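> Let me see the structure of the following:
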Amino acid sequence: MTRIITIASGKGGVGKTTVSINLATVLATKFKKKVIIIDCNITTSHLSLYLGVYYHPVTLNQVLKGEANMLEASYDHMENLKIIPASLSARDLKGVDIGLLKEKLKELYGKADFVLLDSAPGLGREANAVLRAGDEVLFVTTPFVSSVADILRCKELIKENNTEPIGVVLNMSTRHDELSESDIEEMLEIPVLEKIPMDKNVTKSLAAKEPVVILNPSSKASKSFYRLTSKILGEPVKEGLVEKIKNCFKIF
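Residues are numbered from 1 along each chain as shown. Next comes the predicted model:
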């Protein structure tokens, strides 16, 4: 069965695409799942830029114009992971109908274990169409009232569509968060699956055009992405020797 998950946020700048890429990479490399990640942010596409790729001859834009199919627009990025980019050219926006996305996704049924939709932020037509296209939604937010409040509005939309919220990723967390994990769960009535810490290794990975889980798999952020992926799969997190020793000496 193919799981189609929308990665969504109420506003830009919360690290949604970074979460999408690292989640896809862990699924493909650590858990050996076949994954397709789609850049559904048509108007301001970023996914391929994050991966250091600046041109593809066929993109999601052509698919949504009826000029190509999904498989023609998919490209191998690494073993088990394909990407379907959106065009970086403003000219390719003409004639694109994002409302066709849900129908076009049927072409990928059975072609992957996971299809991740990296959505446009906010509540506009583009983001709305992507929220409606997925079977499940993973929300990404930062620990601030304004970001969480925007997710409340997104939640209303998916409720109308009977789409299942998997949970929330609390990104760029620090010791000085405005809202705690419990505060966010109380506001949204959705569980916080994982807190991704503010980590300089993520910034380095963006500059290197490589997922942090590949660039520095032992970083704090990488470990959080491993835990997040395990929770989405419903599989227990496998602790390394160092973590096991630390847990043995924890004081409760």
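> Next, residue 177: secondary structure please.
Under DSSP: H, G, I helix; E, B strand; the rest coil, residue 177 falls in the coil class.
> What segments of the chain are helices?
For the chain, applying DSSP state H gives helices covering 16-29, 47-50, 60-64, 101-104, 125-133, 145-160, 181-188, 200-208, 212-215, 220-233, 241-248.
> In the fifth one, which residues are buried?
Within helix 125-133, the residues that qualify as buried are 126-133, counting by 16 or more other Cβ atoms under 10 Å. C-beta coordinates here come from the backbone N, C-alpha and C atoms, glycine included.
> That helix: how far from the chain's middle?
14 Å (Cα atoms, centre = their mean, to the nearest Å).
> which strands and helices sit next to that helix?
strand 3-8, helix 101-104, helix 145-160 (3 or more Cβ pairs under 8 Å, 6 or more residues apart in numbering; DSSP states H and E).
> So what are the sheet partners of the first one and their directions?
Sheet neighbours of strand 3-8, with direction, are listed as strand 114-118 (parallel), strand 136-141 (parallel) (DSSP bridges).
> about what we covered before: specify which member of the buried residues of helix 125-133 is nearest to residue 51.
residue 130 (19.4 Å; Cβ to Cβ).
> which residue packs closest to that closest one, ignoring adjacent ones?
Of all residues not flanking residue 130 in the chain, residue 119 sits nearest, at 4.0 Å (Cβ to Cβ, 6 or more residues apart in numbering).
> Surely that neighbour touches residue 11?
No. Judged on Cβ atoms under 8 Å, residue 119 makes no contact with residue 11 at a distance of 11.9 Å.
> more neighbours, the two?
For residue 119 and residue 11, the more surrounded residue by other Cβ atoms under 10 Å is residue 119, and the numbers stand at 29 against 17.
> OK, contacts around that one?
Residue 119 sits next to 6-9, 16, 40-41, 126-127, 130-131 when contact means Cβ atoms under 8 Å, 6 or more residues apart in numbering.
> Same list, those, but as a markdown table with distance to residue 201 and pLDDT please.
Formatted as a markdown table, the contacts of residue 119 follow (distance: Cβ to Cβ, whole Å; pLDDT from 0 to 100):
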| residue | distance to residue 201 | pLDDT |
| --- | --- | --- |
| 6 | 27 | 96 |
| 7 | 21 | 96 |
| 8 | 25 | 95 |
| 9 | 21 | 92 |
| 16 | 18 | 95 |
| 40 | 27 | 96 |
| 41 | 24 | 94 |
| 126 | 31 | 91 |
| 127 | 29 | 90 |
| 130 | 29 | 94 |
| 131 | 31 | 91 |
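> Looking at those residues, which is nearest residue 146?
Distance to residue 146 across the contacts of residue 119 (Cβ to Cβ) is lowest for residue 9, with 11.8 Å.
> What separation is there between the closest residue to residue 68 other than its chain neighbours and residue 96?
Once flanking residues are discounted, residue 68 sits nearest to residue 62: 4.2 Å by Cβ to Cβ, 6+ apart. Using Cβ to Cβ, to the nearest Å, residue 62 is found at 9 Å from residue 96.
> Neighbouring strands of the strand ranked longest in the chain in the sheet, and parallel or not?
Counting residues, the longest strand in the chain under DSSP state E turns out to be strand 164-173. If you go by DSSP bridges, strand 164-173 pairs up with strand 136-141 (parallel), strand 192-197 (parallel).
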